[in-house]
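Engineer: Generate coordinates for the sequence data below:
(one chain, ligands or ions: 1)
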Amino acid sequence: KPRVFSGIQPSGGLTLGNYLGALKRFAAFQGTGPETIYCLVDLHALTVWQDPALLADRTREAAAAFMAAGVDPKQSILFNQSQVPAHAELAWLFNTVARLGWMNRMTQFKDKAGKNSENVSLGLYAYPALMAADILAYHGTLVPVGEDQKQHVELTRDIAAKFNHDYGTEFFPSPEPLIEGAATRVMSLRDGSKKMSKSDPSDASRINLTDDADAISQKIRKARTDAEPLPGRMSDLAARPEARNLVNIYAALTDETPDAVLARFEGQGFGAFKPALSEVAVATLGPITRRMQEYLADPAEIDRILGDGAMRADAIAHPIVEETKAIMGLLRSR
Ligand code: AQP
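Structural biologist: Here you go, the predicted model:
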């Protein structure tokens with residue numbers, strides 16, 4: 001039975017990259033058939049330092065962003081990871097299945113650890129095994145993510161396959177990464193070779209879902225570009241990553257193809273393109289920001305929604321973890 005599962009870390013304010021690469025697509029899966037399960041992966045956020053005084057508020061803010069972007073907690077299951085024990089429990093079992101060599105190939109770990117890899121948490125290294133647990137605790141089969149998470153979903157498939165092989169079972173399905181649209185990798189506004197990220201030290205590198213119209217316009221106006229006019233086709237932007245990024249963002253916001261956008265702006269420079277991009281960005285994000293603020297005005301209601309989601313999630317995941325333990329031969333005497 002197909003089941004959609006995906007998550008976002010409440011490790012900071014969510015960005016336009018998270019919206020276009022993930023949230024917007026999460027909402028689009030609702031009502032299409034498969035059950036949809038969306039998770040604020042707070043245990044993942046802990047893999048880098050989180051201020052305890054901020055983490056709960058960031059989790060509520062991320063929940064508000066999900067709902068403001070169209071994730072309906074009645075149609076979908078929406079909850080934070082740490083309220084459902086199955087995630088951490090299955091992650092340990094998967095730590096015994098995953099191989100060190102597989103983890104050593106993970107590019108996100110290399111990027112985040114940088115040169116200082118002796119001093120990062122063990123959790124950051126084990127992150128992909130926890131992500132495999134997130135998905136497989138629900139027998140998730142469809143995983144909408146941005147391009148940066150493709151490698152982790154592939155590792156999830158490897159873990160499922162090795163578990164099934166080692167224990168002579170077909171218990172875990174092989175989940176598919178769904179990476180679609182013009183915004184599978186939104187890049188930093190300051191550097192076309194880096195992805196837009198909520199933890200980038202430069203606020204000017206990203207558009208936050210909480211930015212107001214002035215901040216959005218100013219960031220787009222200052223976004224790094226070149227002095228060339230726009231061509232008529234994306235294939236002619238191959239060597240211009242910053243320009244390509246802005247066109248992709250425009251296309252994702254308006255649900256057009258990048259080539260359709262370029263057909264309208266061919267021959268024009270960024271003096272004309274940037275104000276047009278600001279306009280579509282403000283028109284899309286403005287209502288989302290306003291709805292977020294409405295949800296955030298009632299934090300107790302957000303907590304109630306996440307608690308309800310966690311109970312529904314637990315009802316699916318708990319039996320799957322119990323069955324996994326039985327398959328592995330762990331004694332259960334009560
Ligand atoms: N720039 C992006 N373009 C498209 N999709 C993106 N995603 C993240 N950045 C972009 C997608 O958003 C989902 C949630 O990501 P995450 O919060 O779990 O962690 P991340 O991928 O590491 O994202 P960030 O924003 O860069 O977070 P930090 O800075 O905390 O590491 C995923 O589906 C991801 O692909």
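
Engineer: distance of Lys112 from Ala98?
Structural biologist: Separation of Lys112 from Ala98 (CB to CB, to the nearest Å) stands at 18 Å. (Each C-beta comes from the backbone N, C-alpha and C, glycine too.)

Engineer: Equivalent analysis for Gly329, please.
Structural biologist: Distance, Gly329 to Ala98, by CB to CB: 19 Å.

Engineer: neighbour count winner among those two?
Structural biologist: Between Gly329 and Ala98, counted using other CB atoms under 10 Å, the more crowded position is Ala98 (20 against 7).

Engineer: Is that one in contact with Pro128, as I believe?
Structural biologist: Yes. The pair Ala98 / Pro128 is scored as a contact, 7.3 Å apart, by CB atoms under 8 Å.

Engineer: Please, where are all the strands along the protein?
Structural biologist: Applying DSSP state E to the chain gives strands spanning 3-8, 35-40, 77-80, 142-144, 176-178.

Engineer: which other helices and strands contact the fourth one?
Structural biologist: Strand 142-144 makes packing contacts with strand 3-8, helix 24-29, strand 176-178 when contacts are defined by 3 or more CB pairs under 8 Å, 6 or more residues apart in numbering; DSSP states H and E.

Engineer: same thing with the second one?
Structural biologist: Helices and strands in packing contact with strand 35-40 are listed as strand 3-8, helix 24-29, helix 52-68, strand 77-80, helix 299-328; criterion 3+ CB pairs under 8 Å, 6+ apart.

Engineer: same check, this time on the third one
Structural biologist: Strand 77-80 is packed against strand 35-40, helix 52-68, helix 299-328, with contacts defined by 3+ CB pairs under 8 Å, 6+ apart.

Engineer: got a list of contacts for it?
Structural biologist: With CB atoms under 8 Å, 6 or more residues apart in numbering as the contact definition, strand 77-80 has outside contacts at 10, 35-42, 59, 63, 66-67, 71, 305-310, 312-313, 316.

Engineer: Mean confidence (pLDDT) on it, please.
Structural biologist: Across strand 77-80, the average pLDDT comes to 98.

Engineer: what does the fourth one give?
Structural biologist: The average pLDDT within strand 142-144 is 98.

Engineer: same thing with the last one?
Structural biologist: This predicted structure assigns strand 176-178 an average pLDDT of 97.

Engineer: touching the ligand at all, it?
Structural biologist: No. Applying CB under 6 Å from any ligand atom, one finds strand 176-178 separated from the ligand by no less than 9.3 Å.

Engineer: What is the burial count for the residue of the stretch 1-150 of the chain found nearest the ligand?
Structural biologist: Nearest to the ligand in the stretch 1-150 of the chain, going by CB to the nearest ligand atom, is Gly21, at a distance of 2.0 Å. Gly21: 27 surrounding residues under other CB under 10 Å.

Engineer: Then Arg58?
Structural biologist: Neighbourhood size, Arg58 [other CB under 10 Å]: 21.

Engineer: Quick check: the gap between it and Ile288.
Structural biologist: Noted for Arg58: a distance of 17 Å to Ile288, by CB to CB.

Engineer: Report the contact partners of the closest residue to the ligand within the stretch 201-334 of the chain.
Structural biologist: Minimum separation of the stretch 201-334 of the chain from the ligand (CB to the nearest ligand atom) falls at Arg206, amounting to 8.1 Å. Neighbouring residues of Arg206 by CB under 8 Å, 6+ apart: 15-17, 188-189, 196-198, 200, 219.

Engineer: give me the subset of those residues touching the ligand.
Structural biologist: With CB under 6 Å from any ligand atom as the criterion, the contacts of Arg206 include 15, 17, 196-198 near the ligand.

Engineer: Just give the closest residue to the residue of the stretch 1-150 of the chain closest to the ligand, not the sequence neighbours.
Structural biologist: Distances taken as CB to CB, 6 or more residues apart in numbering put Gly146 closest to Gly21, at 3.2 Å, once the chain neighbours are dropped.

Engineer: Give me the buried stretch members for the helix or strand of the chain with the lowest mean pLDDT, please.
Structural biologist: Across the helices and strands of the chain, mean pLDDT, DSSP states H and E gives its lowest value to helix 107-113, namely a mean of 94. Applying a neighbour-count criterion of 16 or more other CB atoms under 10 Å, the buried positions in helix 107-113 are 109, 112-113.

Engineer: And stretch 114-134, by the same measure?
Structural biologist: Buried residues in stretch 114-134, defined by neighbour count with 16+ other CB under 10 Å: 124-134.

Engineer: can you count the residues close to the closest residue to Glu154 other than its chain neighbours?
Structural biologist: The shortest distance from Glu154 to any non-neighbouring residue, by CB to CB, 6+ apart, is to Pro177 (7.1 Å). Pro177: 20 surrounding residues under other CB under 10 Å.

Engineer: if we can go back for a sec, could you identify which of the helices and strands packed on strand 77-80 is most buried?
Structural biologist: Ranked by mean neighbour count, the helices and strands packed on strand 77-80 are led by strand 35-40 with a mean of 24 (mean count of other CB atoms under 10 Å).
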